[in-house]
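>>> only geometry, no sequence info:
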């Protein structure tokens, strides 16, 4: 019977891991529609009360600041002209009640003159999460543009190095 108990415990662990990964991907999938619809409160609720969004050069501290970005003049101008915040598939690392996702992002803008779309920004993002009573929430997000600077490459490298360390390689 011990093998049976072990098998059930292992299955429960694997199901929990899959549920966690799905919940984390849902947060990433929610971000774009939330900001592109101008939904400040739902966007801010993705973060913990004291969560940080570091989108150089601005560093937003707390939900009010994050909501303020969404309702702010620059963001509103972008979405009313036509914008899409696209998230790439993330590299996920889950460790108990903490997790990290590293993903590419693009901001696509409508060019009114040609009625076409262009990629305005391409970046890399490191999202840090914690499991709360309300489920997974963002504690810290760093967004860096892929403009040749080492900082963005280092965020990507950290994801690979963390993954390699967990895989034993």
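Okay, I see it. Nothing here was measured: the structure is a model prediction, and the numbers come from that model.

>>> Which helix or strand contains residue 137?
strand 135-145 (DSSP states H and E).

>>> which of the residues in that strand are buried?
Of all the residues in strand 135-145, those buried under the rule 16 or more other C-beta atoms under 10 Å are 136-145. To be clear about C-beta, it is placed using only N, CA and C from the backbone, and glycine gets the same treatment.

>>> now stretch 68-76
69-70, 75.

>>> immediately after the lengthiest helix in the chain, which helix or strand?
Ranked by number of residues, the top helix in the chain under DSSP state H is helix 2-36. Using DSSP H and E, the helix or strand that follows helix 2-36 towards the C-terminus is helix 40-44.

>>> I'd like the average pLDDT over that next one.
Averaged across helix 40-44, the pLDDT comes to 98.

>>> isn't residue 61 right up against residue 49?
No - Residue 61 is beyond contact range of residue 49, at 10.4 Å (criterion: C-beta atoms under 8 Å).

>>> Which residue, other than its chain neighbours, is closest to residue 104?
Of all residues not flanking residue 104 in the chain, residue 88 sits nearest, at 3.7 Å (C-beta to C-beta, 6 or more residues apart in numbering).

>>> List the contacts of the one you found.
Residues counted as contacts of residue 88 (C-beta atoms under 8 Å, 6 or more residues apart in numbering) are 103-106.
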